[in-house]
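Engineer: turn this into a structure:
(one chain, ligands or ions: 1)
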Amino acid sequence: MEALSADEIRRSFVNLSKSQVKAITLPPKFTELPWESLDYLGWRDGKAPNRGYLVVRRDDGVTGIGVTTQASGAARRFAGLCDLCNTAHHVSDVALFAARRAGTAGREGNTVGMYMCADLACSLYIRGLKELDVPQGETATPEVRAERLATRLETFVHRVCG
Ligand SMILES: [Zn+2]
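Structural biologist: This is a model prediction of the structure:
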């Protein structure tokens with residue numbers, strides 16, 4: 001993806017309050033991120049580890065989604081797949097995240113839940129840029145997996161915004 005500025009990121013969130021946006025800690029080494037290998041920018045908040053963020057470049061602009069997860073014990077499966085990129089992980093490396101829905105639905109307490117790579121580094125896993133210690137059933141090429149990831153991301157964004 002094309003690099004994003006800190007301003008673009010902070011302006012992009014559709015499901016966070018102003019104070020939540022203010023509290024965001026940007027990813028470490030923000031200026032050195034491997035943008036060319038990213039389908040979306042995903043990271044866990046260094047100062048609030050139960051918070052995570054996904055920022056996607058879309059046809060009509062940049063959309064950011066804030067998610068939360070329980071620190072531990074939420075996922076009880078022995079091993080799991082990330083619903084976004086289909087990478088297989090040990091149970092500790094996949095997390096159930098909840099995204100508050102945008103607008104009225106979110107204010108009424110509605111959330112969208114999804115299992116995702118706990119470090120939100122899907123893009124790096126599908127390209128073999130981050131090591132995995134669980135056998136992978138997936139045999140598709142990184143290009144095909146990136147396309148599928150983009151489709152699933154779009155569906156996720158629609159469920160949060162819709
Ligand atoms: Zn993933």
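Engineer: the helix-or-strand element of the chain with minimal mean pLDDT pairs with which strands, parallel or anti?
Structural biologist: Least confident helix or strand of the chain, by mean pLDDT, DSSP states H and E, is strand 79-81 with a mean of 86. Sheet pairing of strand 79-81 (DSSP bridges) gives strand 88-90 (antiparallel).
Engineer: hmm, the strand it pairs with touching the ion?
Structural biologist: No: contact of strand 88-90 with the ion (C-beta under 5 Å from the ion) is absent, the minimum separation being 8.2 Å. For every residue, glycine as well, the C-beta is placed using N, CA and C.
Engineer: can you list contacts of that strand?
Structural biologist: For strand 88-90, contacts defined as C-beta atoms under 8 Å, 6 or more residues apart in numbering pick out 79-82, 117-118, 132-138.
Engineer: stretch 105-115 too?
Structural biologist: By C-beta under 8 Å, 6+ apart, stretch 105-115 touches 15, 75, 80-84, 94-101, 156, 159-160.
Engineer: show me where this protein has strands.
Structural biologist: 41-44, 51-58, 61-68, 79-81, 88-90, 94-100, 111-117 (DSSP state E).
Engineer: just send those back as JSON lines, with mean neighbour count too.
Structural biologist: Converted to JSON lines, the strands of the chain look like this (neighbours: other C-beta atoms under 10 Å):
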{"stretch": "strand 41-44", "mean neighbour count": "22"}
{"stretch": "strand 51-58", "mean neighbour count": "21"}
{"stretch": "strand 61-68", "mean neighbour count": "21"}
{"stretch": "strand 79-81", "mean neighbour count": "19"}
{"stretch": "strand 88-90", "mean neighbour count": "18"}
{"stretch": "strand 94-100", "mean neighbour count": "23"}
{"stretch": "strand 111-117", "mean neighbour count": "21"}
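Engineer: tabulate these (a markdown table), appending distance to S123.
Structural biologist: Formatted as a markdown table, the strands of the chain follow (distance: least, C-beta to C-beta, whole Å):
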| stretch | distance to S123 |
| --- | --- |
| strand 41-44 | 8 |
| strand 51-58 | 11 |
| strand 61-68 | 16 |
| strand 79-81 | 16 |
| strand 88-90 | 15 |
| strand 94-100 | 16 |
| strand 111-117 | 9 |
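Engineer: among the ones you listed, which comes closest to E147?
Structural biologist: Relative to E147, the nearest member of the strands of the chain by C-beta to C-beta is strand 51-58, separated by 14.2 Å.
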